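In: Fold the following and give me the result.
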Amino acid sequence: MLNHHINEQELIEVCLLAGKILMKSGAETYRVEDTMMRMASACGFNESQSFVTPTGIIFSLEGSDPSQFVRISERGTDLERISKVNHISRGMAEKKLNTDEAILALKELENANLSFPIWLQIAAAAIASGSFLIMFKGSWTDYIPALLVGGIGFSTFLIVHYHAKVKFFAEFSASFIIGLLGLFAVNYGLGQQLDLIVIASVMPLVPGLLITNAIRDLMAGHFVSGLSKGAEAFLTALAIGAGVAFIYSLML
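Out: Predicted coordinates for the structure are as follows:
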């Protein structure tokens, strides 16, 4: 059960940490704000204020001065973390968790390694590439080339992103390798339809969740977050297209 006496500083820390984990895991802006407000409301603060952008969160409790800020330095996609934060939030709303228990659970979640093994991520990207080729009505003879090219391209993305820490450069490099390998596969008779092989192989790099969140944020009235996420998605698509276009320009 929740304590009768609520430590405001601990509650602010709980709300900010929950928001930070959600934002870093790819949650929509309105979901982050709603979760923080619900957690504060569960402790009796019904007029709390929050302002969330992709790079930072500002939050204050009802009657609390001053507001507090946390910066979001990196973002990704982790639906399991989002689900677990929502579970903790519901626990507070249902009076099953107090602030001490919630912050302990959130800190454990923040430090937990919930990512799939690298080899499994690469295998999933490879299988997805081959499957997209078939979905785009490609030939089964191109399935293996698309699978291999997609797997190697995604591996390139992970390696470059790990060393360079620049997402757009990593996406450009991955799409460049995909285009190059696809061209080699077709020229050496290992594949037939270059366009479908390349398109299917870059699909694991496409920022689908980012585009969806940008549209949902815009529809919810979060214009700053929606436009910034849309711009990030546009730059990602531009990097992918530029890498492939550079290879195609060499064919002319």
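In: what packs against the strand or helix carrying residue 125?
Out: Assigning secondary structure by DSSP states H and E places residue 125 in helix 118-135. Applying 3 or more C-beta pairs under 8 Å, 6 or more residues apart in numbering; DSSP states H and E, we find helix 118-135 packed against helix 143-164, helix 194-202. Any C-beta I mention is one placed from the backbone N, CA and C, and that applies to glycine too.
In: The helix or strand following the first one to helix 194-202, inter-axis angle?
Out: Going down the chain from helix 143-164, the next helix or strand is helix 167-187, by DSSP H and E. Relative orientation of helix 167-187 with respect to helix 194-202: 140 degrees, computed using axes from the mean of the first three to the mean of the last three C-alpha atoms, to 10 degrees.
In: what residues does helix 167-187 touch?
Out: If you take C-beta atoms under 8 Å, 6 or more residues apart in numbering as the criterion, helix 167-187 is touched by 145, 148-150, 152-154, 156-158, 160-161, 164, 190-194, 197-198, 201-202, 205, 235-236, 239-244, 246-248, 251.
In: Put the alpha carbons of that helix into CSV.
Out: Output in CSV follows, covering the C-alpha atoms of helix 167-187 (Å, rounded to 0.1, in the frame of the first residue of the first chain):
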residue,chain,number,x,y,z
LYS,A,167,23.1,7.0,-36.5
PHE,A,168,22.8,8.7,-39.9
PHE,A,169,26.3,7.8,-41.0
ALA,A,170,25.7,4.2,-39.9
GLU,A,171,22.5,4.1,-42.0
PHE,A,172,24.2,5.5,-45.0
SER,A,173,27.0,3.0,-44.7
ALA,A,174,24.6,0.1,-44.3
SER,A,175,22.5,1.1,-47.3
PHE,A,176,25.8,1.6,-49.3
ILE,A,177,26.9,-1.9,-48.5
ILE,A,178,23.4,-3.3,-49.3
GLY,A,179,23.5,-1.7,-52.7
LEU,A,180,27.0,-2.8,-53.4
LEU,A,181,26.4,-6.4,-52.4
GLY,A,182,23.1,-6.5,-54.3
LEU,A,183,24.9,-5.2,-57.4
PHE,A,184,27.6,-7.9,-57.0
ALA,A,185,25.0,-10.6,-56.5
VAL,A,186,23.2,-9.7,-59.7
ASN,A,187,26.4,-9.2,-61.8
